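Participant: What follows is a protein structure lacking sequence information:
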Ligand SMILES: O=P(O)(O)O[C@@H]1[C@@H](OP(=O)(O)O)[C@H](OP(=O)(O)O)[C@H](O)[C@H](OP(=O)(O)O)[C@H]1OP(=O)(O)O
Ligand SMILES: Nc1ncnc2c1ncn2[C@@H]1O[C@H](COP(=O)(O)OP(=O)(O)OP(=O)(O)O)[C@@H](O)[C@H]1O
Ligand SMILES: [Zn+2]
């Protein structure tokens with residue numbers, strides 16, 4: 001008989017976190033079917049068509065069917081959860097490396113189960129997430145996937161501690177497309193993350209600028225990676241979380257968080273007792289070495305960067321191919337003056353449809369690679385343990401050895417219609433950065449008086 005979760009089963013699932021689009025719960029019951037698994041439930045926006053347009057997952061449009069036609073099971077799927085699952089498995093898995101992607105399985109649920117979950121978790125969710133969206137109780141299935149805060153040990157090693165980090169690295173390169181307008185040239189020298197921070201601060205979405213620089217993390221240099229980990233630790237926002245045996249020990253559950261103060265630092269240091277040996281009295285220092293060493297050793301970010309770089313033309317080029325694809329007049333060229341037209345953008349309107357399709361498809365894949373997260377789970381191990389199926393690293397200063405496993409999460413398909421929003425957000429980010437960081441701010445004007453507060 002097909003498994004279906006009912007109202008009573010909601011008691012076995014505990015809130016683990018959420019993003020803009022999904023709620024994630026960990027299993028706490030005793031069924032072997034779900035041990036070591038999490039459940040990912042799609043949310044629906046509470047109000048306003050704008051939020052719904054952004055966050056509700058797509059029922060594929062005709063153009064989206066064309067874009068993803070090679071993934072046959074994906075375009076044949078009627079249900080959003082199945083679309084997401086096939087997309088992660090068939091499109092993103094081969095690009096990022098199948099061993100890093102587990103798309104999960106679909107399990108049927110009753111409406112009463114979803115209502116039970118909604119009721120149970122509301123009090124634990126960040127209030128701004130509660131205001132924005134709720135469990136979509138209309139769905140009839142959810143995704144069950146491995147819990148990456150649990151190390152998938154077998155045999156005698158079961159039961160030991162599992163340390164796990166989650167990193168949302170964001171975009172790791174500077175664009176160089178010739179379609180970037182002269183007035184936006186700053187994009188070629190300042191990272192998107194840094195510029196977006198200025199807009200987020202201006203809009204009061206964050207309370208301070210992150211120290212983190214994605215270009216350090218993706219640099220391939222161990223020193224710069226180490227610096228990036230230290231900066232993520234100081235200002236985690238929604239880019240860094242640490243779990244010990246499934247419990248959050250650093251970062252914000254369900255969203256971002258403000259900077260790490262000395263109390264948090266001490267609590268974190270204490271939590272690492274019994275898991276990680278200290279370097280000159282500091283377990284946190286050993287921890288940072290461990291993460292930098294592992295990210296470097298795995299090479300996984302090199303692969304992620306390649307996928308991010310499928311965005312060859314930048315949104316300023318892609319937007320024209322998008323209008324070709326949806327057969328609408330180009331809203332950008334409409335506003336271009338002669339100087340900008342000479343820039344070559346209009347040439348993009350005479351390319352064959354196949355080329356427009358490829359440009360847009362690659363851009364959407366890159367957008368997912370710029371927004372996904374990476375989870376690394378660690379289990380302390382020793383030299384006696386030979387022939388492990390997992391890779392291992394040593395902390396340079398203590399020589400302590402850990403098995404590790406890397407996984408990507410949040411590889412959801414981005415809706416085609418989001419391309420117009422990407423263009424608008426890009427313009428907003430550059431405008432804000434040019435004014436606040438480069439212009440008026442440098443001359444001493446208050447940063448917050450120039451731009452109206454806006455959604456990011
Ligand atoms: O546009 P960005 O770079 O701000 O990314 C959005 C993320 O914001 P961030 O800046 O990482 O805090 C945003 O994350 P938060 O909600 O801020 O945690 C989402 O990941 C959003 O994706 P989607 O709408 O759920 O498909 C992300 O939207 P996409 O642009 O990736 O579609
Ligand atoms: N397989 C997993 N194992 C452990 N924790 C997970 C797993 N998948 C998700 N999580 C936790 O749940 C949180 C939300 O998941 P996810 O990023 O998939 O949500 P989302 O709504 O799709 O995000 P976004 O805002 O980027 O669209 C993650 O930040 C992570 O902490
Ligand atoms: Zn155009």
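Facilitator: The structure has been received and is ready for your questions. The structure displayed is predicted, hence computed values, not measured ones. Ligands and ions are numbered 1, 2, ... in the order given.

Participant: And the strands in the stretch 201-350 of the chain, which stretches?
Facilitator: Per DSSP state E, counting those that start in this stretch, the stretch 201-350 of the chain carries strands over the ranges 240-244, 247-250.

Participant: For this structure, give me the ranges with low pLDDT.
Facilitator: Along the chain, the model assigns pLDDT under 70 to residues 1, 48-58, 154-158, 337-343, 383-387, 437-456.

Participant: Pop the domain breakdown of it in here.
Facilitator: 4-147, 148-456 (automatic domain parsing).

Participant: can you list those in JSON lines and add mean neighbour count?
Facilitator: Backbone N, C-alpha and C define where each C-beta goes, glycine included. Conversion of the domains of the chain to JSON lines gives the following (neighbours: other CB atoms under 10 Å):
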{"stretch": "domain 4-147", "mean neighbour count": "17"}
{"stretch": "domain 148-456", "mean neighbour count": "18"}
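
Participant: Spell out which parts of the chain neighbour ligand 3.
Facilitator: Within the chain, the positions near ligand 3 by CB under 5 Å from the ion are 320, 330, 332-333.

Participant: Nearest to ligand 1 among those?
Facilitator: Nearest to ligand 1 among the residues of the chain next to ligand 3: residue 332, at 18.4 Å, using CB to the nearest ligand atom.

Participant: Now that closest one: closest residue in space, sequence neighbours ignored.
Facilitator: Computed as CB to CB, 6 or more residues apart in numbering, the closest residue to residue 332 that is not its neighbour in sequence is residue 319, at 5.3 Å.

Participant: next one: residue 434
Facilitator: Sequence neighbours aside, residue 186 is the residue nearest to residue 434 in space, at 6.1 Å (criterion: CB to CB, 6+ apart).

Participant: Wait, the one you found touches residue 194, no?
Facilitator: No: assessed by CB atoms under 8 Å, residue 186 is found out of contact with residue 194, at 10.1 Å.

Participant: which residues do those two both contact?
Facilitator: Residues touching both residue 186 and residue 194 (CB atoms under 8 Å, 6 or more residues apart in numbering): residue 433.

Participant: does the residue nearest to residue 332 really touch residue 326, like I thought?
Facilitator: No: Residue 319 is not in contact with residue 326 according to CB under 8 Å; the separation is 10.9 Å.

Participant: So the host helix or strand of residue 426, near ligand 2 or not?
Facilitator: Here residue 426 sits within helix 418-433, counting by DSSP states H and E. No: with CB under 6 Å from any ligand atom as the criterion, ligand 2 is not reached by helix 418-433; the gap is at least 11.8 Å.

Participant: Spatially nearest residue to residue 308 (excluding sequence neighbours)?
Facilitator: Among residues not flanking residue 308 along the chain, residue 369 sits closest, at 4.5 Å (CB to CB, 6+ apart).

Participant: how much space is there between the one you found and residue 406?
Facilitator: Using CB to CB, to the nearest Å, one obtains 15 Å as the distance from residue 369 to residue 406.
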